[in-house]
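>>> I'll drop the sequence and a predicted model, then ask my questions.
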Amino acid sequence: MNGIHVTSEIGKLKKVCLHRPGDELLNLPPDELERLLFDDVPYLEVAQQEHDRFAEILREQGVEVLYLEKLVAEAFAANPGARDEFLDQYLAEAGIHGQKMPAIVREYLNTFTDDLEFVKKTMAGVAKSEIDMPLASSATLDDLVSDHSDKQSDLIIDPMPNLYFTRDPFACVGNGVNLNRMYSVTRNRETLYGKYIFKYHPDYKGTPLWFRRDAPFHTEGGDVLNLTRTDLAVGISQRTQAAAIDLMAQNIFWKTEGCEIEKIFAFDIPASRAFMHLDTVFTQIDVDKFTIHPAIMGTLRVYEMTKGAVEGEVDIKEHTDSLEKILEYATGVDGIKLIPCGGGDPIAAAREQWNDGSNTLCVEPGTICVYQRNNVTNEVLYKEGLNLLVVPSAELSRGRGGPRCMSMPFQREDL
Ligand SMILES: NC(=[NH2+])NCCC[C@H](N)C(=O)O
């Protein structure tokens, strides 16, 4: 079967999209980490080994692993002209300074004739040292002095170090996709790859879009949880604006065809880096179990959105029940259990949530990928009877994302 099909967080995973961390992590300037949304510089070789193990664990479970970079290259190979169209847009969004520089960079990128190498190069960024700078007589000052932030940079094009978090630039919902506009300039460029897959890849072209990257509001896939075929949970967070969810609801209920979502539950979580997405504090691990960061329990507000009676209207009501009750109502499952990250100890919970202890990828009900380093949380999950697939995490975790962030399911079996 081709195309997208995801109607839950836990149905048996059939196909998943990953990105193997590449040279983009070598172009991470230590003094630019905050702007690039990274917390440290990972050791690439070990990050790749850990990531390869993650992919192998998934294959051992019968999951077909797709790589983002390969899908984009395949989309180019299948469509003459797609690569040039992409390059135009990539260069326009790359933040290149100067009048001559875009053409020079274009020429340089086109020396990567192999499509896969070309795609990887666009992901890695371009350093000044890779390019013959234009002669002073034909250049403008702006060509010669590229500055990405306030300071001089050694890079002409920034790397996209967060690409291995394939969860965020787009999100599969039912048979369609939210192609996101992302919160930060640095990550928004990542959404181009999804655009070309869903426009040109032989297996995915024509996928309906419930959200578009040119939307005026930002949202990210880490905030989107497929609760059931008809019920979606979306976090209102640092990364997803309430207005973006309004727009999503409009599109899903009124403006597009083919989406089976009838209820959207908006979870209002604190806007902070530690809780950047809903999935950093809350993921589903079994039919009746979720992991949760205890710190959000007191403040969480949940709104339910449904299609209104009049064209274009969306009804909204606030839920005042406990989270367990709201989830029972949404999933139709009785006796929902929330399992606190860190086993309820506030220090362990904060430490392990920081390293994505609540950010699990469910492969089938009760079987989840977890980071090895979160031993307190993992012990609790193990005692609750979960089958843990343990992913090595010394380097991968430095980007502040766990197994769920590092994966975008393309197909799951229905429950
Ligand atoms: N779905 C997630 N929780 N993704 C985590 C993304 C981490 C990434 N460094 C960022 O700040 O964007």
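That came through, no problem.
>>> what about residue 64, neighbour count?
13 (other Cβ atoms under 10 Å). Every residue, glycine included, has its C-beta placed from N, CA and C.
>>> begin at 225 from here
From this message on, residue numbering opens at 225, which makes the last subject residue 288.
>>> got the phi/psi numbers for it?
Main-chain dihedrals, residue 288, degrees, to the nearest 10: phi -80, psi 120.
>>> residue contacts, the closest residue to it other than its chain neighbours?
Leaving aside its chain neighbours, residue 288 sits nearest to residue 239 (4.6 Å; criterion: Cβ to Cβ, 6 or more residues apart in numbering). Residues in contact with residue 239 (Cβ atoms under 8 Å, 6 or more residues apart in numbering) are 287-288, 290, 633-635.
>>> what of residue 240?
Residue 240 makes contact with 282, 287-290, 631-634, according to Cβ under 8 Å, 6+ apart.
>>> so which of the residues you listed reach the ligand?
With Cβ under 6 Å from any ligand atom as the criterion, the contacts of residue 240 include none near the ligand.
>>> which of those fall in strands?
Within the contacts of residue 240, residues falling in strands by DSSP state E are 288-290, 632-634.
>>> residue 411 touches residue 261, doesn't it?
Yes. With contacts defined as Cβ atoms under 8 Å, residue 411 counts as touching residue 261 at a distance of 6.6 Å.
>>> which of these two has more neighbours?
residue 411 (22 against 18).
>>> contacts only, for that one.
261, 384, 386, 392-393, 444.
>>> shared neighbours of residue 411 and residue 261, which are they?
residue 386.
>>> and the furthest pair within the contacts of residue 411?
Across these, the longest distance by Cβ to Cβ is 14.2 Å; it joins 384 and 444.
>>> show me which of the two is the more surrounded one.
Ranked by neighbour count (other Cβ under 10 Å), residue 384 and residue 444 place residue 444 first, with 32 against 24.
>>> contacting residues for the more buried one?
Going by Cβ under 8 Å, 6+ apart, the list of residues near residue 444 reads 392-393, 395, 404, 406-407, 411, 463-464, 501.
>>> restricted to helices, list those residues.
Judged by DSSP state H, helices contain the following of those: residue 411.
>>> in TSV: the contacts of residue 444, plus distance to residue 528 and pLDDT.
As requested, the contacts of residue 444 are arranged in TSV below (distance: Cβ to Cβ, whole Å; pLDDT from 0 to 100):
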residue	distance to residue 528	pLDDT
392	24	98
393	27	98
395	19	98
404	22	98
406	26	98
407	24	97
411	29	97
463	21	96
464	16	97
501	20	94
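>>> among the contacts of residue 444, which ones lie close to the ligand?
Near the ligand, by the rule Cβ under 6 Å from any ligand atom, you find 392, 411, 501 out of the contacts of residue 444.
>>> nearest to the ligand, of those?
Nearest to the ligand among these is residue 501, at 4.0 Å by Cβ to the nearest ligand atom.
>>> model confidence score at the closest residue to that closest one other than its chain neighbours, please.
For residue 501, ignoring the flanking residues on the chain, the nearest one in space by Cβ to Cβ, 6+ apart is residue 446 at 2.9 Å. On pLDDT, residue 446 comes in at 98.
>>> and residue 235, by the same measure?
98.
>>> just list the residues touching it, thanks.
Counting by Cβ under 8 Å, 6+ apart, residue 235 has contacts 588-589, 636-639.
>>> also residue 306?
Residue 306 neighbours (Cβ under 8 Å, 6+ apart): 299-300, 420, 423-424.
>>> now do residue 622
Contacts of residue 622 by Cβ under 8 Å, 6+ apart are 262-266, 271.
>>> same question for residue 589.
For residue 589, the contacting residues are 234-235, 510-511, 639, by Cβ under 8 Å, 6+ apart.
>>> which one among those gets closest to the ligand?
Nearest to the ligand out of the contacts of residue 589 is residue 234 (Cβ to the nearest ligand atom; 16.9 Å).
>>> for that closest one, grab phi and psi.
phi -130, psi -10.
>>> how far away is it from residue 639?
Residue 234 sits 7 Å away from residue 639, taking Cβ to Cβ, to the nearest Å as the criterion.
>>> the ligand contacts on the stretch 475-624 of the chain?
Residues of the stretch 475-624 of the chain lying close to the ligand (Cβ under 6 Å from any ligand atom) are 500-501, 503-504, 583, 623-624.
>>> so which of those wins on neighbours?
residue 504 (32 neighbours).
>>> surely that residue and residue 446 touch.
Yes. Using Cβ under 8 Å, residue 504 is in contact with residue 446, at 6.9 Å.
>>> need the residues touching each of those two.
With Cβ under 8 Å, 6+ apart as the test, residue 504 and residue 446 both reach residue 629.
>>> by mean pLDDT, which helix or strand of this structure comes out lowest?
In the chain, the helix or strand scored least confidently by mean pLDDT, DSSP states H and E is helix 365-368, which has a mean of 68.
>>> gap between the two ends of stretch 543-563?
21 Å (Cα to Cα, to the nearest Å).
>>> helix, strand, or coil at the residue in the stretch 375-524 of the chain positioned nearest to the ligand?
At 2.4 Å from the ligand, residue 446 is the closest residue in the stretch 375-524 of the chain, using Cβ to the nearest ligand atom. Recorded secondary structure, residue 446: helix (DSSP: H, G, I helix; E, B strand; the rest coil).
>>> that one: what's it in contact with?
389, 391-392, 459, 463, 500-504, 625, 628-629.
>>> and what of residue 313?
residue 416.
>>> after the helix or strand encompassing it, which helix or strand is next?
Using DSSP states H and E, residue 313 maps to helix 306-317. Per DSSP H and E, the first helix or strand lying C-terminal to helix 306-317 is helix 325-333.
>>> perfect, that will be all.
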